[in-house]
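>>> coords please:
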Amino acid sequence: MPDFNTALDPILGPVIALVLWTCFMLAWMAGTRIPYLIKNRVHPQKGERTAELAGLMPKQIQWKADNYNHLMEHPTIFYATAMVWAFIGTEGTLMVQVAWAYVGLRVIHSLIHATVNKVMPRLMIFAVSTLALLWMAVQAALVVL
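Here you go, the predicted structure:
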């Protein structure tokens, strides 16, 4: 097996952390959704369209699925930007710290969304995480372009 340790940039830590968090949210979603569907004998075909399936479940169960979907949207920009930084190299920058902040904010956003779903706190966390992501992307653009 090759020795990858010498070539890895520390920005990959937050990347894999967010991947693992997304997997956790997938498991949480499945762990609440599937038992509900089985218990209530909801035929799988009723999930043909996500919106129709959402209407068949309590909102507290649907929140986990909604958050999982969000983790398939906004963070894709993070993954792409982090990969650019992995190629550029993050030594001497704040990029790794900002990336960890982004991941932490996404985790907080998920916890709010999946449990109490208060929109204003979620929106504030989303806005701050977006600013962190925008800063990472602009800084990468200044180096690359």
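
>>> so where is this structure shaky, pLDDT-wise?
1-6 (pLDDT under 70).

>>> where do the strands sit along it?
Shown for the chain, no strands are assigned by DSSP state E.

>>> Do a quick rundown of the helices in it.
Assigned by DSSP state H, the helices in the chain fall at 12-39, 50-54, 59-71, 74-88, 95-115, 119-144.

>>> ranking those helices by burial, who's on top?
Neighbour counts (mean count of other CB atoms under 10 Å) averaged over each of the helices of the chain peak at helix 95-115, with a mean of 20. C-beta here means a position set from N, CA and C on the backbone, and glycine is covered the same way.

>>> Using PDB, list the CA coordinates for it.
C-alpha atoms of helix 95-115 as PDB (Å, rounded to 0.1, in the frame of the first residue of the first chain):
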ATOM      1  CA  MET A  95      -8.200  27.600   5.200                       C
ATOM      2  CA  VAL A  96      -8.200  24.500   7.300                       C
ATOM      3  CA  GLN A  97      -9.600  26.400  10.300                       C
ATOM      4  CA  VAL A  98     -12.300  27.900   8.100                       C
ATOM      5  CA  ALA A  99     -13.100  24.500   6.600                       C
ATOM      6  CA  TRP A 100     -13.500  23.100  10.100                       C
ATOM      7  CA  ALA A 101     -15.700  26.000  11.000                       C
ATOM      8  CA  TYR A 102     -17.800  25.300   8.000                       C
ATOM      9  CA  VAL A 103     -18.200  21.700   9.000                       C
ATOM     10  CA  GLY A 104     -19.100  22.600  12.600                       C
ATOM     11  CA  LEU A 105     -21.700  25.000  11.300                       C
ATOM     12  CA  ARG A 106     -23.200  22.400   9.000                       C
ATOM     13  CA  VAL A 107     -23.400  19.900  12.000                       C
ATOM     14  CA  ILE A 108     -25.100  22.600  14.100                       C
ATOM     15  CA  HIS A 109     -27.500  23.300  11.200                       C
ATOM     16  CA  SER A 110     -28.300  19.600  10.900                       C
ATOM     17  CA  LEU A 111     -29.000  19.200  14.600                       C
ATOM     18  CA  ILE A 112     -31.300  22.200  14.700                       C
ATOM     19  CA  HIS A 113     -33.000  21.100  11.500                       C
ATOM     20  CA  ALA A 114     -33.500  17.400  12.500                       C
ATOM     21  CA  THR A 115     -34.700  18.100  16.000                       C
END
